[in-house]
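[1] Model the following, please.
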Amino acid sequence: MMLATISVFAPPSSRVTLNDEDKQAEDPMGINHYYRRTGRAFFLLSIISGVSFVLFLLLYMVSDEGFTIDAMQGFLLLSVMTLGFLIAGFVKRHRAGQTYATPELIADEHDLHVVNRVVIAPVIHLLREYQVFALDGKRIAEVRDLARGWRRYAAYFLELIGIRMFFPKTLEVHNDKGAIYRLEKEAGIHEIYRLYSIEGTQLATYQMNVFNPFKTYALIYDASGNLIGENDGGISGQQFNIKDESDNTLIDMKYQGIPVEALELFSGINGDLVDLNHKRIPETLMPAFIIAPVIVKLHFRK
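    Here you go, the predicted model:
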C-alpha cells in the first residue's frame, strides 16, 4: 500500500525523468547504444586476445625450443591486450547504463547535410568504422565496412599488423533512412578513395599524401577530376582544416575534441569534434566536403 501511494503521489517531474531515462537507454540511435556496442566489441577483442595467448602458450609448452625473450615479449603483449580490452569493455558497459543531460536541438541539426557541429567517434577502431553524432547524442550517420564473414576477421588481422592500407576496401555511409554514400578504396600504396552516391554516380576522389614527410594532407577532386579542396593537417597531422581551392577553411576538425555544451555526453568516446561551415560549401560539392572528415579518420587517425 505504501509503495502504491509513493508511486501515485510522486512529483510529475520525477516520473517524466524516469521515462526519459528509459527512452535514452533504449534508443538505437542514441549514445547509450553506441557505448553498449563498443563495449561488446572490446569484450570480443579481449576474448580473441585471450584465446591467442592460450594457444601460443600451449604451442610453446609442447615444443622443444623453450621460452625465448621474443616469446616472453609476445606473451606479455597478448596479456596486456587482453586485460586492456576487458577493462575498456567494462568501462563502456558502465557508461551505456548511465543517463546524460542533453542539449536541446532543432530538427535540422540531425541532418548531416545541414548540421554545423558533430562528433565522429570510432566504433571498432581496427576496422575503421565510425558513427557521427549530433550534440544531443543522437546518431545521424554511420560509416560501415562491408567486409563480412572471414573477410571481416582478415581485415582485423591486416589492420593489426599495419598492412590493410595496401588492400581494397568498400564502405557505406548510412543515416536513419539507409545507405546514402559508398566509399571505395583502390589497392596499392597511393590510398585513393572514390566517393559515389548509393545509386553509383561518382561524386568525388580523395588522393592521400603518401610521400611528403613535411605535410599531412589529402587532395579532393570533383567527379570531373578538378581540384576542389584539401584535407590539411599541417606537419603534425593532428588538427585538420578542410579547405576549398582558394584556401578558405570550410570544416575544422579538433582531434579528441569534446563540445563544451555536452562534456559529459562525449567524454568517453575518443572522437573528433567537427565544425562545418555549410554556407561556404556549394550545394553541388556538399557530399565531397561533408565526407572529407571521414577520410581523415580512415587514413590519418592510426
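
[2] domains for the chain, by residue range?
    1-99, 109-300 (automatic domain parsing).

[3] Return the most buried member of the ones you listed.
    Highest mean neighbour count of the domains of the chain: domain 109-300, a mean of 17 (counted as mean count of other C-beta atoms under 10 Å). Any C-beta I mention is one placed from the backbone N, CA and C, and that applies to glycine too.

[4] so how far is that domain from its chain's centroid?
    9 Å (C-alpha atoms, centre = their mean, to the nearest Å).

[5] so what's Asp232 up against?
    Asp232 makes contact with 215-217, 240-243, according to C-beta atoms under 8 Å, 6 or more residues apart in numbering.

[6] TSV for these, including pLDDT and secondary structure?
    TSV is the format used below for the contacts of Asp232 (pLDDT from 0 to 100; DSSP: H, G, I helix; E, B strand; the rest coil):
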residue	pLDDT	secondary structure
Lys215	78	coil
Thr216	82	coil
Tyr217	82	strand
Phe240	87	strand
Asn241	87	strand
Ile242	92	strand
Lys243	92	strand
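
[7] I'd like those as a markdown table, with distance to Gly74 appended.
    Output for these, formatted as a markdown table (distance: C-beta to C-beta, whole Å):
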| residue | distance to Gly74 |
| --- | --- |
| Lys215 | 36 |
| Thr216 | 32 |
| Tyr217 | 37 |
| Phe240 | 35 |
| Asn241 | 41 |
| Ile242 | 41 |
| Lys243 | 44 |
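
[8] Leu57: which of those residues is nearest?
    When the contacts of Asp232 are ranked by distance to Leu57 (C-beta to C-beta), Thr216 comes first, at 40.5 Å.

[9] where does the stretch 101-250 of the chain dip in pLDDT?
    Under the criterion pLDDT under 70, the flagged ranges of the stretch 101-250 of the chain are 125-127, 237.

[10] now, the most widely separated pair of the contacts of Asp232?
    So, these by C-beta to C-beta: farthest apart are Lys215 and Ile242, at 14.6 Å.

[11] For the longest helix belonging to the chain, what is the distance to the chain centroid?
    Counting residues, the longest helix in the chain under DSSP state H turns out to be helix 31-62. Chain-centre distance of helix 31-62: 20 Å, with C-alpha atoms, centre = their mean.

[12] and what of stretch 99-118?
    Worked out by C-alpha atoms, centre = their mean, stretch 99-118 lies 18 Å from the chain centre.

[13] what does stretch 85-96 give?
    17 Å.

[14] Quick one: mean pLDDT for it?
    Mean per-residue pLDDT for stretch 85-96: 90.

[15] Need phi/psi at Ser267.
    With angles defined as degrees, to the nearest 10, Ser267 sits at phi -70, psi -10.

[16] show me the contacts for it.
    Ile258.

[17] How much space separates it from Gly137?
    Using C-beta to C-beta, to the nearest Å, one obtains 12 Å as the distance from Ser267 to Gly137.

[18] which one is Ala121 nearest to, not counting chain neighbours?
    Nearest residue to Ala121, sequence neighbours excluded (C-beta to C-beta, 6 or more residues apart in numbering): Gly271, at 3.4 Å.

[19] ok so, going back, packing partners for the very next helix or strand once past the longest helix of the chain?
    Counting by DSSP states H and E, the next helix or strand C-terminal to helix 31-62 is helix 69-96. When contacts are defined as 3 or more C-beta pairs under 8 Å, 6 or more residues apart in numbering; DSSP states H and E, helix 69-96 sits against helix 31-62.
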